[in-house]
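S.K.: One predicted model, sequence on top.
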Amino acid sequence: MEIKPLRELKLYGFNNLTKTLSFNMYDICYAKSPEHRQAYIEYIDEEYNSERLARILKDVANIIGAHVLNIAKQDYDPQGASVTMLVSEDQEVATLSPSAVVAHLDKSHITVHTYPESHPNKGISTFRADIDVSTCGKISPLAALNYLVTSFSADIAILDYRVRGFTRDLDGKKFFIDHKINSIQNYLSKEKRELYQMIDVNVYQENIFHTKMLLKDFDLDNYLFGMAKKELSPNGEKKN
């Protein structure tokens with residue numbers, strides 16, 4: 001969905017507003033045996049390795065109109081991966097002096113960290129990914145929201161969006177936000193909104209927006225790893 005500006009502001013100096021979208025997603029499954037649990041961890045580690053995560057973040061930068069300045073990525077032993085990407089609003093920033101670039105970049109970055117885990121006894125295995133897209137200037141991370149939800153196919157997602165700081169117009173008036181928003185849900189496509197149950201907890205006075213998402217449809221076969229629903233005993237199916 002288009003990010004709608006309040007109006008075309010003529011600013012005194014740089015747009016100092018910082019817009020941050022934090023996206024925490026969870027994938028959940030039941031892996032009965034230790035072998036299945038280990039296989040699930042290995043599958044997630046391969047599916048969301050640092051190379052693929054870096055490609056996803058590059059796509060996010062392209063969607064929001066940011067210029068990539070630097071990428072650092074790491075796969076961890078025994079599991080998990082992280083990618084950090086420094087971005088600027090446009091290519092002109094990259095030509096500034098090093099001190100100016102550092103000052104600008106501490107507010108413009110995209111990061112992802114993954115946390116594959118399994119319970120040693122009960123068979124519940126989970127994958128959590130934490131993504132932060134933080135920008136300053138005119139660009140907004142909300143433009144990449146639908147792409148992120150699609151890329152991680154979340155069963156559960158927790159979204160936080162916050163606008164910090166202020167900017168001034170030519171008359172010196174402060175503006176604490178430069179676009180219209182009353183819910184993160186407004187920036188999800190109709191197709192995505194139909195897939196999830198959602199609830200908002202917003203603090204409008206502070207430009208803080210929070211949305212929790214839970215996938216509506218539940219098919220047990222989609223939450224079993226290494227086995228099918230028909231292989232569960234009636235008691236096991238009820239328990240899960």
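M.R.: Yes, it's here. Residues are numbered from 1 along each chain as shown.
S.K.: Packing partners of whichever strand or helix holds Glu46?
M.R.: If you go by DSSP states H and E, Glu46 is part of helix 34-47. Judged by 3 or more CB pairs under 8 Å, 6 or more residues apart in numbering; DSSP states H and E, helix 34-47 is in contact with strand 109-118, strand 124-136. All C-beta spots, glycine's among them, are computed from the backbone N, C-alpha and C.
S.K.: ok, which stretches of the chain are strands?
M.R.: Applying DSSP state E to the chain gives strands spanning 18-30, 67-75, 81-88, 109-118, 124-136, 156-164, 167-168, 174-175, 196-200, 208-215.
S.K.: avg pLDDT for the third one?
M.R.: Averaged across strand 81-88, the pLDDT comes to 92.
S.K.: Quick one: low-confidence residue ranges for this structure.
M.R.: Applying pLDDT under 70 to the chain flags the ranges 1-15, 90-107, 120-121, 221-223, 227-240.
S.K.: so the helix holding Glu46 versus strand 18-30, what angle?
M.R.: 150 degrees (axes from the mean of the first three to the mean of the last three CA atoms, to 10 degrees).
S.K.: contacts for helix 34-47?
M.R.: 27, 29, 31, 75, 78-81, 114, 116-118, 123, 125, 127, 225-227 (CB atoms under 8 Å, 6 or more residues apart in numbering).
S.K.: Could you dump the helices and strands packed on helix 34-47 into TSV with mean neighbour count and distance to Phe176 added?
M.R.: Shown next, in TSV, are these (neighbours: other CB atoms under 10 Å; distance: least, CB to CB, whole Å):
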stretch	mean neighbour count	distance to Phe176
strand 109-118	21	22
strand 124-136	22	14
